[in-house]
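[1] got a predicted structure here, sequence first:
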Amino acid sequence: MEFIINKEQEGLLRDFLRQQLSLSNAEITRLKQRENGITVNGEHKTVRYILKHGDVLFLDINDSGTSENIVPTEMMLTVLFEDEHIIALDKPYGIPTHPSHGHYDDTLANGLMYYFSQKGEKCLFRAVNRLDRETSGIVLCAKNAFAASRLCYDMQNGLFEKTYFAVLSGKIPDMGTIDKNIKRKEESVIFRCVCGKDEGKRAVTLYEKLSEKGDFTLVELSPLTGRTHQLRVHTSHLGAPIVGDTLYGKNDGQKLMLHAGKLIFRHPVSGEKMCISSPIPERFKDVYEDF
């Protein structure tokens, strides 16, 4: 990746990498360890070099290997967007994002590694966001360490806008904000619950009712924070749990009606505002036909 330094970017190379590019110490170390990881005007430079107006900075951001512990598995993938730095996939319901016990070769990671191998690309699996197995929708992956570092920085600093669609079992006001702290339930490693402001961590969710039919409500949910099970806990707190939520609702025999439908973020290289969308899935029609 090449950068042409302007007057405002003059100064210590280390500061440019940390402050302008938001690279982590680990990523800077990785670049330093490569033979030509960091060059200026075609010559190797250390991070103590003083950048000057007109300098041509080159960073070798390409991954040097693959995720060897992830078995490539042929599967149907829906690619919503792809370029040389990022790829956004539409994860189906029931597919885990990462391999885990009992899921070694049937995850989104396995499918993406197969996809990369067929294209002759050597990329690690770097999911920027993660969806539970029963949640469908957009999963954004970085194709190199530089993009991963930039995107994770923006994610951690609240610069991502996420929108989910859900079908709730019950009725709610037209729109509102749920600002309720969430903590792990005592003696449980899974369950979370709403708690007082002096406990747990702050969790904020915006919601808007799109339509309702009988006892079901189609809503748009926008989490401003990223707590475990946040949307499921907050909607249950409203008295209208997500349909199919056996943890915080009732066992109604339905699949979980939660879908990551929109993701807005800065492109890690160009800085362009990106908006990735995924349509409401067909399974929602099982309980809500008129969406």
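    Cool, got the structure. Numbering: from 1, shown residues only.
[2] from here on, contacts and neighbour counts on C-alpha atoms
    Fine.
[3] do you know how far the closest residue to residue 159 other than its chain neighbours is from residue 226?
    Spatial nearest neighbour of residue 159, excluding adjacent residues (C-alpha to C-alpha, 6 or more residues apart in numbering): residue 265 at 6.7 Å. Between residue 265 and residue 226 the computed distance is 15 Å (C-alpha to C-alpha, to the nearest Å).
[4] for those two, indicate the residue with more neighbours.
    More crowded of residue 265 and residue 226, by other C-alpha atoms under 10 Å: residue 265, with 19 against 16.
[5] what segments of the stretch 101-250 of the chain are helices?
    All helices of the stretch 101-250 of the chain, identified by DSSP state H, counting those that start in this stretch, fall at 108-119, 145-156, 230-237.
[6] rewinding a little: let's verify the residue nearest to residue 159: helix, strand, or coil?
    strand (DSSP: H, G, I helix; E, B strand; the rest coil).
[7] what residue spans form the domains of the protein?
    In terms of domains, the chain is parsed into 2-59, 63-159, 162-260 (source: automatic domain parsing).
[8] how far does the longest one stretch from start to finish?
    The first residue of domain 162-260 is 7 Å away from its last residue (C-alpha to C-alpha).
[9] check the shortest one too.
    Criterion C-alpha to C-alpha; first-to-last residue distance in domain 2-59 is 7 Å.
[10] where does pLDDT dip in the chain?
    Within the chain, the ranges that satisfy pLDDT under 70 run 62-68, 288-291.
[11] center of it, which residue is that?
    Against the mean C-alpha coordinate of the chain, by C-alpha atoms, centre = their mean, the closest residue is residue 129 at 2.0 Å.
[12] mind checking how far that one is from residue 155?
    Counting by C-alpha to C-alpha - residue 129 and residue 155 are separated by 8 Å.
[13] repeat that for residue 111.
    Taken as C-alpha to C-alpha, the span from residue 111 to residue 155 is 24 Å.
[14] looking at these two, which is more packed in?
    residue 111 (21 against 17).
[15] residues contacting the more buried one?
    72-77 (C-alpha atoms under 8 Å, 6 or more residues apart in numbering).
[16] for it, give its distance to residue 76.
    Residue 111 is 8 Å from residue 76, by C-alpha to C-alpha.
[17] swap in residue 230?
    In terms of C-alpha to C-alpha, residue 230 sits 30 Å off from residue 76.
[18] just want to know which of these two has more residues nearby.
    residue 230 (22 against 11).
[19] which one is the more buried one nearest to, not counting chain neighbours?
    residue 203 (7.0 Å).
[20] now do residue 133
    Here the residue nearest residue 133, using C-alpha to C-alpha, 6+ apart, is residue 96, at 4.3 Å.
[21] how about the contacts made by that neighbour?
    103, 106-108, 131-134.
[22] are any of these buried, and which?
    106-108, 131, 133-134 (16 or more other C-alpha atoms under 10 Å).
[23] which of those residues sits closest to residue 44?
    Taking C-alpha to C-alpha as the measure, residue 44 lies nearest residue 108 of the buried ones among the contacts of residue 96, at 38.2 Å.
[24] my read: the closest one touches residue 100, true?
    No: if you go by C-alpha atoms under 8 Å, residue 108 and residue 100 don't touch, sitting 11.6 Å apart.
[25] please enumerate the strands of the stretch 1-150 of the chain.
    Secondary structure of the stretch 1-150 of the chain (DSSP state E, counting those that start in this stretch): strands located at 2-4, 11-12, 38-40, 43-44, 50-51, 56-59, 79-82, 86-91, 126-127, 136-142.
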